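Undergrad: pasting the structure only:
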C-alpha cells in the first residue's frame, strides 16, 4: 500500500483560535441545538461543564450551558427523544448521562436514570435500524447500554452482558448490506465490537485486531475510497490508524497511517472540507502530533500535515460552525483552547445538501387539535399513519388533525414527510 506525504504551505490553511475555555476540552460537536435553524459549536470539558460557541457579528462568543457531577468526557447532539427537538447529551464520569435542552430562552439540564460506572462515550442515532433515535452510551466498568424515550420516561436496556471500556463509537452500515449496526472501540483488548439488533435482541460480535493489543479509543465510518463503499476507521493510543473492511464474509484491516505516527490519534472525523468535494479522514493527537489529513488518491493513501502548532489536541470535528454554508475543522486542546481551521478552497454546502440536512420542525408535539409545521416555500407535507397509508397531503403550515375527507383522525403516531425531510408526531386523543 502506497503512502504519500504532501506538505501544504501556510497559505492553504488558516488556523484561528476562537475560544480560550477555562478547562480541558474533551469532545466537540456542531449542531442546531436551540432549534432555531442556526448551527453552533459545543464542547465538553474536564471540569464537567459543556460550552456553547457562537459566531455572532463577526466574532466568536462562548458561554456555559450546564454541567455534570464530574468530568464530561463525551457529548453528542441529536433528537434523542424522537420529538423533533435537538438536544445535547453528555457522558459523565459520575455514571450519569446528562441531557441539555434549550427551552423558553434558557437551558434545562436533566439526568437520565440508572447511572453506573464511568461514562466515556455517547451517541444519538438509529442503532436498531428501525427509524427511531435512541441514546447509546459506553463507558468503563459498565455495560454498553441503550436509552429509549417511551413518551413519559427513559428506559435503559443493556446491550452487553458484562462490563466494557468503550470510547467514542459510530453507527452505520459497516458491512454494506443495508443493516445499521453499532461499531465501538474496546480499550481493554484493542478490538472493535459490533452490536446488531436482530430478532428482538442485541447480538455482539468481536472483530479481533491482533496488532493493536490495547488502547483503542475512536471509531468512525466513512466512504473514502473511489468505490464509494462504507468502511470502518479506528485509532488509538499506540500511534496508529487502521481501515477495516467487510468482504466475502470476512473482516480485513490495513494500516493507513504511516507518517502521522508521532503520537496517539485521539480524534477522528470523516467528511468534506476541501472545495473538490472529496471525503477525507482528519485526525489529531494529544502529544504533539499535529492535525493530519488522510485521503485515498490514485497511488494509494496520501497524508497531509495541516498544522503542527495546535498540539495536544483531544478532538476534531468538521462542519458549518459559522452557519455560513462553509465547512471548516474545529479542534479542542487540553489547555482549553479551541481552534477553527479553514481551507483556502473550502467545501461550500450546496442547496441540495441544505435540504437534506435541515430538520423538519413542528410545534407542539404531541398535539391535540392542531400542529404548526415550519415549511419552506412550495413545500408539500404528506401525512402517513403507522401502516404507511397516506392520510392527507397539505401545503399549509397547520395540520388540524383531519384526513383528506375532513374527518378527525384517531389518536396515535403519524409521520409527516416532505421530499427530503420527515418527522414523527403524536396526536393525543
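TA: Done, it's in. Quick caveat: nothing in here was measured; it's all calculated off a predicted structure. Numbers count the residues shown, from 1 in each chain.

Undergrad: Please count neighbours and contacts with C-alpha atoms only from this point.
TA: Noted.

Undergrad: Please tell me how far the residue most central in space within the chain sits from residue 182.
TA: In the chain, the residue lying closest to the centroid (Cα atoms, centre = their mean) is residue 76, at 5.8 Å. According to Cα to Cα, to the nearest Å, residue 76 and residue 182 sit 15 Å apart.

Undergrad: How about residue 158?
TA: Applying Cα to Cα to residue 158 and residue 182 gives a distance of 14 Å.

Undergrad: more neighbours, the two?
TA: Between residue 158 and residue 182, counted using other Cα atoms under 10 Å, residue 182 has the larger neighbour count: 21 against 15.

Undergrad: Setting the sequence-adjacent residues aside, check what's closest to the more buried one.
TA: In space, residue 182 comes closest to residue 171 once its chain neighbours are excluded; the distance is 4.5 Å by Cα to Cα, 6 or more residues apart in numbering.

Undergrad: Pull the contacting residues for that neighbour.
TA: 125-127, 180-183, 221 (Cα atoms under 8 Å, 6 or more residues apart in numbering).

Undergrad: I'd guessed residue 89 sits against residue 81; true?
TA: No: the criterion here is Cα atoms under 8 Å, and residue 89 misses it with residue 81 at 11.1 Å.

Undergrad: which one of those two has more residues nearby?
TA: Using other Cα under 10 Å, the more surrounded residue of residue 89 and residue 81 is residue 89, with 31 against 22.

Undergrad: what bridges to the more buried one?
TA: Per DSSP bridges, the residues bridged to residue 89 are residue 76, residue 99.

Undergrad: And the pLDDT for it?
TA: The model reports residue 89 with a pLDDT of 98.

Undergrad: Return the residues in contact with it.
TA: So residue 89 contacts 75-78, 97-100, 122-123 (Cα under 8 Å, 6+ apart).

Undergrad: Look at the residue nearest to the centre of the chain and report its pLDDT.
TA: Residue 76 is given a pLDDT of 98.

Undergrad: Look up how far residue 112 lies from it.
TA: With distances taken as Cα to Cα, residue 76 is found 14 Å from residue 112.

Undergrad: can you check residue 140 too?
TA: In this structure, residue 140 and residue 112 are 18 Å apart, going by Cα to Cα.

Undergrad: which of the two has more neighbours?
TA: Neighbour tally, residue 140 and residue 112, criterion other Cα under 10 Å: the higher count belongs to residue 140, 22 against 18.

Undergrad: Pull the number of nearby residues for the nearest residue to the more buried one once chain neighbours are set aside.
TA: Spatial nearest neighbour of residue 140, excluding adjacent residues (Cα to Cα, 6+ apart): residue 165 at 4.2 Å. When neighbours are counted by other Cα under 10 Å, residue 165 registers 25.

Undergrad: can you check residue 375 too?
TA: Residue 375, neighbours per other Cα under 10 Å, totals 17.

Undergrad: hmm, who's touching stretch 274-293?
TA: For stretch 274-293, the external contacting residues (Cα under 8 Å, 6+ apart) are 223-224, 260-273, 294-296, 303-316, 333-334, 343, 345-348.

Undergrad: which stretches of the stretch 101-250 of the chain form strands?
TA: With DSSP state E, counting those that start in this stretch as the criterion, the stretch 101-250 of the chain has strands at 106-111, 118-125, 134-140, 145-149, 154-158, 170-172, 181-185, 192-198, 201-207, 216-222, 231-236, 240-247, 250-255.

Undergrad: In CSV: those strands, plus mean pLDDT and distance to residue 380.
TA: Below are the strands of the stretch 101-250 of the chain laid out as CSV (pLDDT from 0 to 100; distance: least, Cα to Cα, whole Å):
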stretch, mean pLDDT, distance to residue 380
strand 106-111, 98, 33
strand 118-125, 97, 26
strand 134-140, 97, 28
strand 145-149, 97, 29
strand 154-158, 97, 33
strand 170-172, 96, 29
strand 181-185, 97, 32
strand 192-198, 96, 34
strand 201-207, 95, 37
strand 216-222, 93, 32
strand 231-236, 92, 36
strand 240-247, 91, 40
strand 250-255, 92, 44
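
Undergrad: Mind putting these into TSV with distance to residue 66?
TA: Formatted as TSV, the strands of the stretch 101-250 of the chain follow (distance: least, Cα to Cα, whole Å):
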stretch	distance to residue 66
strand 106-111	7
strand 118-125	17
strand 134-140	19
strand 145-149	21
strand 154-158	20
strand 170-172	25
strand 181-185	27
strand 192-198	31
strand 201-207	33
strand 216-222	25
strand 231-236	30
strand 240-247	34
strand 250-255	40
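
Undergrad: among the ones you listed, which is nearest residue 93?
TA: Of all these, it is strand 118-125 that lies closest to residue 93, at 4.6 Å by Cα to Cα.

Undergrad: export the contacts of residue 171 to CSV and tack on distance to residue 256?
TA: Output for those, formatted as CSV (distance: Cα to Cα, whole Å):
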residue, distance to residue 256
125, 28
126, 29
127, 27
180, 25
181, 23
182, 22
183, 19
221, 15
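
Undergrad: Could you list the domains of the protein?
TA: 3-352, 361-427 (automatic domain parsing).

Undergrad: hey, least reliable of those domains by pLDDT?
TA: Lowest mean pLDDT of the domains of the chain: domain 361-427, a mean of 87.

Undergrad: didn't residue 92 look like it was pressed against residue 49?
TA: No: if you go by Cα under 8 Å, residue 92 and residue 49 don't touch, sitting 10.0 Å apart.

Undergrad: shared neighbours of the two, which are they?
TA: 68, 71-72.

Undergrad: so how many other residues sit close to residue 277?
TA: Residue 277 - counted by other Cα under 10 Å - has 13 other residues nearby.
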